[in-house]
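In: my questions concern the predicted model and sequence given below.
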Amino acid sequence: MQFDHVLIFDIKSEYGHFRKFNTTTSPLTYTIPTRPAIAGLLGAMLGVERESAGGKYPEGSLSVTELFSKDNTGIAIQIVNPVKKVNIAFNLLDTEKAATSFFNIKQRTQIEFELLKMPHFRIFVGVKDEKLFIDLCNRIKENKLHFTPYLGLSQFTAIVEYKDIAKVAKLESDTFTEVLTAVNLNNVSPDNAVDFNYAKNFKYTSDTMPVAMQKDRTVTEYAEIIMETNGHPIAIKSKHILQLQDWGNILFL
């Protein structure tokens with residue numbers, strides 16, 4: 001996938017929560033937003049039509065997952081603030097014990113949520129559709145977003161900051177190269193893919209995350225994503241590294 005330009009913008013909030021697929025009563029969060037979550041964020045900014053019913057969309061409209069599919073859009077995520085996770089209890093409605101009416105419910109249940117504290121991410125987006133790309137750039141640059149963006153849960157309203165539109169070129173190299181963004185291990189060389197830095201201030205983590213999804217929310221691809229939680233670059237070998245003018249190197253998820 002090749003693009004001439006990549007949009008760069010920041011998203012941040014007081015808290016964030018991107019729920020892991022394998023957690024139930026005590027929701028855990030991914031370290032970074034998933035690729036489908038960022039696609040949904042872009043759709044909210046543009047005002048893309050939501051489904052009218054489960055898996056059904058207005059005639060002639062594309063779903064967010066189709067509009068920003070891996071074939072049409074490149075998305076990369078950089079950690080800006082060092083990752084910090086906290087547990088906070090939410091006071092939720094106890095629907096199992098509640099009456100048939102949801103008016104003036106007194107039964108409550110406390111559930112602990114794992115949250116990202118002061119999350120701040122830099123998002124890199126390349127879009128094949130030039131008209132769509134320009135519209136997205138203008139909306140973020142002029143702060144004319146269709147819907148209010150948030151980081152995972154609606155109470156975590158996000159601040160969106162436009163950064164740049166950078167020229168991009170493919171980087172041809174067989175040696176270890178530092179990239180700013182989280183790394184999809186499916187996109188790196190199979191042998192000795194990552195050169196880990198064992199200095200004290202480097203902390204690596206990985207998550208199995210959804211990276212491709214159908215319009216009915218069926219996940220079609222999972223991948224192991226590796227991140228450096230303090231925001232340091234990761235040295236990898238890959239034929240998919242992109243070099244951004246004045247910014248550095250990235251790798252799409």
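Out: Perfect, thanks for sending it. Numbering: from 1, shown residues only.
In: from now on I want contacts and neighbour counts done on CA atoms only, so please keep to that.
Out: Noted.
In: the residue most central in space within the chain and His17, how far apart?
Out: With distances taken as CA atoms, centre = their mean, the residue of the chain nearest its centroid is Pro33 (3.3 Å). Here the criterion is CA to CA, to the nearest Å. By it, Pro33 lies 8 Å from His17.
In: try Thr73
Out: Taken as CA to CA, the span from Thr73 to His17 is 24 Å.
In: with Ile11 instead?
Out: In terms of CA to CA, Ile11 sits 13 Å off from His17.
In: name the residue in those two with the higher neighbour count.
Out: Ranked by neighbour count (other CA atoms under 10 Å), Ile11 and His17 place His17 first, with 25 against 19.
In: contacting residues around that one?
Out: Leu28, Thr29, Tyr30, Glu114, Leu115, Leu116, Leu151, Gly152, Leu153 (CA atoms under 8 Å, 6 or more residues apart in numbering).
In: and of those residues, the nearest to Ser206?
Out: Comparing these against Ser206 with CA to CA picks out Tyr30 as the nearest, at 9.5 Å.
In: next one: that closest one, what pLDDT does it get?
Out: According to the prediction, Tyr30 has pLDDT 94.
In: neighbours of it, just the number please.
Out: Tyr30, neighbours per other CA under 10 Å, totals 20.
In: and what of Glu172?
Out: By other CA under 10 Å, the burial measure for Glu172, its neighbour count, is 12.
In: so who does the nearest residue to it once chain neighbours are set aside touch?
Out: Closest residue in space to Glu172, ignoring its immediate chain neighbours: Lys239 at 6.6 Å, by CA to CA, 6 or more residues apart in numbering. Residues in contact with Lys239 (CA under 8 Å, 6+ apart) are Leu171, Glu172, Ser173, Asp174, Asn187, Val188, Ser189.
In: doesn't Lys239 belong to a helix?
Out: No. Assigned with DSSP: H, G, I helix; E, B strand; the rest coil, Lys239 falls outside any helix and is coil.
In: next SSE after the worst-scoring helix or strand of the chain on mean pLDDT?
Out: The least trusted helix or strand in the chain, going by mean pLDDT, DSSP states H and E, turns out to be helix 64-67, with a mean of 83. Per DSSP states H and E, helix 64-67 leads on to strand 73-79 as the next helix or strand towards the C-terminus.
In: quick check: Glu228 touching Asn201?
Out: No. Using CA atoms under 8 Å, Glu228 is not in contact with Asn201, being 9.8 Å away.
In: so which of these two has more stuff around it?
Out: Counted by other CA under 10 Å, Glu228 and Asn201 do not tie: Glu228 has more neighbours, with 25 against 11.
In: residue contacts, that one?
Out: Ile79, Ala182, Phe202, Lys203, Tyr204, Thr205, Ile234.
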